[in-house]
Structures are given as C-alpha cells and as structure tokens.
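K.L.:
how would this look folded up:
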Amino acid sequence: MCLVNDELFVRAATAEEARKAFLAPAPTPSSSPVPSMAAEQQDMLNAFAMQSGMNLEWAHKSVPTPTGPHAPPTTH
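P.N.:
Okay, the predicted model is just below:
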C-alpha cells in the first residue's frame with residue numbers, strides 16, 4: 001500500500017522562519033564533482049556517463065574504484 005499526500009499548503013513565512021532559513025550559508029558546489037583520476041579512467045568514466053545518461057558525479061558513484069563506494073574490502 002502507498003499513501004500519498006495530495007494536498008499542499010503554501011503560506012507566507014513568519015519573520016522568525018525567514019530569519020532562521022538564512023542563518024547558515026548554502027554550501028558552495030564543487031567545480032569538479034569527480035575526484036582526480038588517470039586520463040584513461042576519466043575517458044572511460046566520460047564514456048560510461050554518456051552511454052548511461054548519468055551525470056559524471058553519479059556515474060563515478062556507481063562504478064567500482066579502488067577508493068570509491070564499491071571498493072573491495074582490504075585485508076591486512
């Protein structure tokens with residue numbers, strides 16, 4: 001079963017809500033979401049992103065790399 005709220009209520013923010021909304025500055029996005037890598041690896045990642053339709057950041061997150069999220073466990 002899936003419940004969905006199909007109502008949206010919009011109202012003006014109170015002065016306190018507006019003040020709190022902008023206390024902390026928004027993070028500045030990185031100019032390069034993908035860490036540095038060898039030219040051959042970058043070419044392969046670019047090709048994968050193009051073929052899959054993913055942007056570079058998500059293409060990088062989805063492939064196994066020695067330091068990425070899907071890296072094999074190390075044994076010491």
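K.L.:
from what I can see residue 52 touches residue 63, true?
P.N.:
No - checked against Cβ atoms under 8 Å, the pair residue 52 and residue 63 is beyond contact range at 9.8 Å. C-betas here are computed from N, CA, C, even on glycine.
K.L.:
of these two, who's got more company?
P.N.:
residue 63 (16 against 12; other Cβ atoms under 10 Å).
K.L.:
pLDDT of the longest helix along the chain, averaged?
P.N.:
In the chain, with assignment by DSSP state H, the single longest helix is helix 39-52. The pLDDT scores in helix 39-52 average 90.
K.L.:
Beyond that helix, next helix or strand please.
P.N.:
helix 56-62 (DSSP states H and E).
K.L.:
Okay, buried residues for that next one please.
P.N.:
56, 59, 60 (16 or more other Cβ atoms under 10 Å).
K.L.:
elements contacting that helix?
P.N.:
helix 39-52 (3 or more Cβ pairs under 8 Å, 6 or more residues apart in numbering; DSSP states H and E).
K.L.:
would you put the C-alpha positions of the helix it packs on in PDB?
P.N.:
Written as PDB, here are the backbone C-alpha positions of helix 39-52 (Å, rounded to 0.1, in the frame of the first residue of the first chain):
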ATOM      1  CA  ALA A  39      43.300  10.200 -18.100                       C
ATOM      2  CA  GLU A  40      42.300   6.700 -19.300                       C
ATOM      3  CA  GLN A  41      40.000   6.300 -16.300                       C
ATOM      4  CA  GLN A  42      38.500   9.700 -16.900                       C
ATOM      5  CA  ASP A  43      37.900   8.800 -20.600                       C
ATOM      6  CA  MET A  44      36.200   5.600 -19.500                       C
ATOM      7  CA  LEU A  45      34.000   7.400 -17.000                       C
ATOM      8  CA  ASN A  46      33.000  10.000 -19.500                       C
ATOM      9  CA  ALA A  47      32.000   7.300 -22.000                       C
ATOM     10  CA  PHE A  48      30.000   5.500 -19.300                       C
ATOM     11  CA  ALA A  49      28.300   8.700 -18.300                       C
ATOM     12  CA  MET A  50      27.400   9.400 -21.900                       C
ATOM     13  CA  GLN A  51      26.100   5.900 -22.600                       C
ATOM     14  CA  SER A  52      24.100   5.600 -19.400                       C
END
